[in-house]
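1. here is a sequence with its predicted model. Questions after.
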Amino acid sequence: MQFRVGPLVLIVVGVLFLLSNFGLLHLRELFHQMGTWWPVILIAIGVAGLIGGKKR
């Protein structure tokens, strides 16, 4: 099974905007947290790319 980061990121972003539209999530607070934790997000995407990379 291949792990694809791109579609997963799009799904997560879509869910976040949907929750914001329903008033269940405040995006300003989320962006503040992402501003603090963005290196961890990059590391996670890199690790997912290594694990899900094509094997020959």
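-> Done, it's in.

2. which residues sit against the longest helix along the chain?
-> Assignment by DSSP state H gives helix 27-51 as the longest helix of the chain. Outside helix 27-51, the residues that touch it by C-beta atoms under 8 Å, 6 or more residues apart in numbering are 3, 5, 9, 16-17, 20. Placement of C-beta: from N, CA and C, glycine included.

3. so what's the residue most central in space within the chain closest to, chain neighbours aside?
-> Closest residue to the average C-alpha location of the chain: residue 9 at 4.5 Å, with C-alpha atoms, centre = their mean. Using C-beta to C-beta, 6 or more residues apart in numbering and skipping the chain neighbours, the partner closest in space to residue 9 is residue 45 (7.9 Å).

4. distance check, that neighbour against residue 10.
-> Counting by C-beta to C-beta, to the nearest Å, the separation of residue 45 from residue 10 is 13 Å.

5. what about these two, which has more around it?
-> residue 45 (14 against 10; other C-beta atoms under 10 Å).

6. what residue, apart from its backbone neighbours, is nearest residue 4 spatially?
-> residue 52 (6.9 Å).

7. how many neighbours does the one you found have?
-> 13.

8. close enough to count as contact, it and residue 5?
-> Yes - at 7.4 Å, residue 52 counts as touching residue 5 under the criterion of C-beta atoms under 8 Å.

9. give me the low-pLDDT residue ranges for the chain?
-> 1-3, 53-56 (pLDDT under 70).
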